[in-house]
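Participant: no sequence on this one, just coordinates:
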């Protein structure tokens, strides 16, 4: 199911890179929330999105867990903005995008519960599934190479 794939992939990818972007300007993670958010966003954009191409029901369970784990990042952004680190327009954009992705992902998970058989196997091209499966892995390898090898 491509809609489920793109919801998980985009939400997890944005939260993953925003989390790492904020870590770049701070001295690192101060408590458990950024680590929980990082693991949950990797679960969303690398694992749940890939499973959505092959087994949407397992992807729905993993995606729900990933969304619940990625929610502390939105709370972290809001609390930092209330302390004056972000302006109001940036806060509005971040919260609106986060809410749109969370609501669209939860809507996709709820509508998926109605289906008896996963319909993604018959509608998705084999080569498109291979490319979409490789995309999260390529992005993670690109990040690892950029952080640990190229300094």
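Facilitator: That came in fine, so what should we check first? In this text, all values refer to a predicted model and were calculated from it rather than measured experimentally.

Participant: any weak-confidence spans in the protein?
Facilitator: 24-29, 74-75, 77-88, 90-91, 94, 105, 108, 112-123, 151 (pLDDT under 70).

Participant: which strand or helix spans the spatially most central residue of it?
Facilitator: The residue lying closest to the centre of the chain (Cα atoms, centre = their mean) is residue 12, at 0.9 Å. Applying DSSP states H and E as the criterion places residue 12 in helix 2-25.

Participant: pull out the buried positions in that helix.
Facilitator: 4-16, 18-19, 22 (16 or more other Cβ atoms under 10 Å). (C-beta placed from N, C-alpha, C; glycine too.)

Participant: so the residue nearest to the centre of the chain makes contact with residue 48?
Facilitator: Yes - contact criterion Cβ atoms under 8 Å: residue 12 and residue 48 qualify, at 7.3 Å.

Participant: mutual contacts of these two, please.
Facilitator: By the contact definition Cβ atoms under 8 Å, 6 or more residues apart in numbering, residue 12 and residue 48 are jointly contacted by residue 66.

Participant: mind naming the longest helix for the chain?
Facilitator: helix 56-82 (DSSP state H).

Participant: what's the angle between that one and helix 2-25?
Facilitator: 40 degrees (axes from the mean of the first three to the mean of the last three Cα atoms, to 10 degrees).

Participant: show me what helix 56-82 is packed up against.
Facilitator: In terms of contacts (3 or more Cβ pairs under 8 Å, 6 or more residues apart in numbering; DSSP states H and E), helix 56-82 is packed against helix 2-25, helix 32-42, helix 49-54, helix 88-112.

Participant: chain center to it: distance?
Facilitator: Centroid displacement of helix 56-82 relative to its chain, using Cα atoms, centre = their mean, to the nearest Å, is 8 Å.
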